[in-house]
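**Student:** need coordinates for the following:
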Amino acid sequence: MPSLLKQIKSAFKSSKAKKTTTSQPAPAPTSAQKVAAKAPVLPSVAAASPAPVKTHPKNDHENHTFAALAKADSQLAALASSPYSKPVANDRVDKTKAALEANGFKVHLVDSRYEAFEAIKKLIPDGASVNNAHSTSLEEIGFITYLKGQTPWNNVHATILAEKDMAKQSELRRTIGSTVDYYLTSMSAVTEDGKLAHADLSGSKVGGVAFGAANVIVLAGSNKIVKDEDEAWERTNGFALAAESARARDAYGVPASAIVNYEVIKKANPFAPERIQVVLVRDALGF
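**Tutor:** As a prediction, this is how the structure comes out:
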């Protein structure tokens, strides 16, 4: 009997202990946890791919840029920091563009070499015959490299260079070279009052630009911009000729180049409006 009473008392104590035992309350959430709980769940977003870099074909004549020639040729070194090798301020570019247009030239103003390359491509229709004067500017935007590949045009320059007899090659320059549908070149100077100035030795460039070709595309960096005709001659004779002579020494092994023909185009041809188009670049190109 006593053992039975002990068992009953023991069971009663165990039941009472279970009833009075309670679980510990959970700790209150912190401020950060409350904010996180309210924040919306956003879908995961894949990292955006970088935009493709817009570029032009490679310049195959990097050794003939002004900077390279100024380093390699001691006779040109004194002009290495010339302002004629640097782009001018945008307000001068805009002023020059307006003056060129007032003189009848069609102007395409672009910011970069890539844009200059693309602009020239779009100006030439498929099937057109194309020739180019030597132009460091055209080399620097990769257009000469591009012309050496597959294009939708008839590259007359390649036909001329394929002729190894120099007398016959000269005749091709005079005939098919000067009378193409599109003649590509640059200038040694572009004036703020809207004139174009350039020079050459043989006359093939001046002839094609002045009258021979049906259309002319002039590529000009803003470093070619000068105040007026007087400064155009100063830049051509004092800067461009020195740079071209350095190139000629490296390319042909001659002492220097020379100005035999010098031309200033003051206005567009009144009988062929917009025959000469200018791609003007807010960057330094050529010399």
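**Student:** any idea how far I265 is from the nearest residue in space to L285 that is not next to it in sequence?
**Tutor:** Leaving aside its chain neighbours, L285 sits nearest to G221 (3.0 Å; criterion: Cβ to Cβ, 6 or more residues apart in numbering). Using the backbone N, CA and C atoms, a C-beta is placed for each residue, glycine as well. Counting by Cβ to Cβ, to the nearest Å, the separation of G221 from I265 is 18 Å.
**Student:** again with N154
**Tutor:** 26 Å.
**Student:** so for these two, which residue has more residues nearby?
**Tutor:** More crowded of N154 and I265, by other Cβ atoms under 10 Å: I265, with 20 against 15.
**Student:** quick one: that one and A210 touch, right?
**Tutor:** Yes. Using Cβ atoms under 8 Å, I265 and A210 qualify as a contacting pair, with a distance of 7.4 Å.
**Student:** quick one: stretch 123-131 to chain centroid distance?
**Tutor:** Chain-centre distance of stretch 123-131: 21 Å, with Cα atoms, centre = their mean, to the nearest Å.
**Student:** residues contacting the closest residue to D228 other than its chain neighbours?
**Tutor:** Nearest non-adjacent residue to D228, counting by Cβ to Cβ, 6+ apart: T191, 5.4 Å away. Taking Cβ atoms under 8 Å, 6 or more residues apart in numbering, we find T191 in contact with T96, A99, A197, I225, V226, K227, D228, E229, E231, A232.
**Student:** who's the third one bridged to?
**Tutor:** With DSSP bridges applied, A197 shows beta-bridge pairing to A189, V264.
**Student:** surely V254 and A246 touch.
**Tutor:** No. In this structure V254 lies outside contact range of A246 using Cβ under 8 Å: 11.1 Å.
**Student:** who has more neighbours out of those two?
**Tutor:** Each of V254 and A246 has its neighbours counted (other Cβ under 10 Å); A246 has more, 25 against 11.
**Student:** you'd agree the more buried one is in a strand?
**Tutor:** No. A246: not assigned to a strand; according to DSSP: H, G, I helix; E, B strand; the rest coil it is helix.
**Student:** next one: it from K71, what distance?
**Tutor:** In terms of Cβ to Cβ, A246 sits 10 Å off from K71.
**Student:** pull out the buried positions in stretch 88-99.
**Tutor:** When burial is assessed from 16 or more other Cβ atoms under 10 Å, stretch 88-99 yields the following buried residues: V88, V93, K95, T96, K97, A99.
**Student:** any chance of these in a markdown table, with pLDDT, secondary structure and distance to A119 too?
**Tutor:** Formatted as a markdown table, the buried residues of stretch 88-99 follow (pLDDT from 0 to 100; DSSP: H, G, I helix; E, B strand; the rest coil; distance: Cβ to Cβ, whole Å):
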| residue | pLDDT | secondary structure | distance to A119 |
| --- | --- | --- | --- |
| V88 | 98 | coil | 20 |
| V93 | 98 | helix | 15 |
| K95 | 98 | helix | 20 |
| T96 | 98 | helix | 17 |
| K97 | 98 | helix | 14 |
| A99 | 98 | helix | 20 |
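**Student:** next up, the contacts around the nearest residue to A80 once chain neighbours are set aside.
**Tutor:** Among residues not flanking A80 along the chain, A70 sits closest, at 4.0 Å (Cβ to Cβ, 6+ apart). Listed by Cβ under 8 Å, 6+ apart, the contact set of A70 reads L76, A77, L79, A80, S85, A243, A246.
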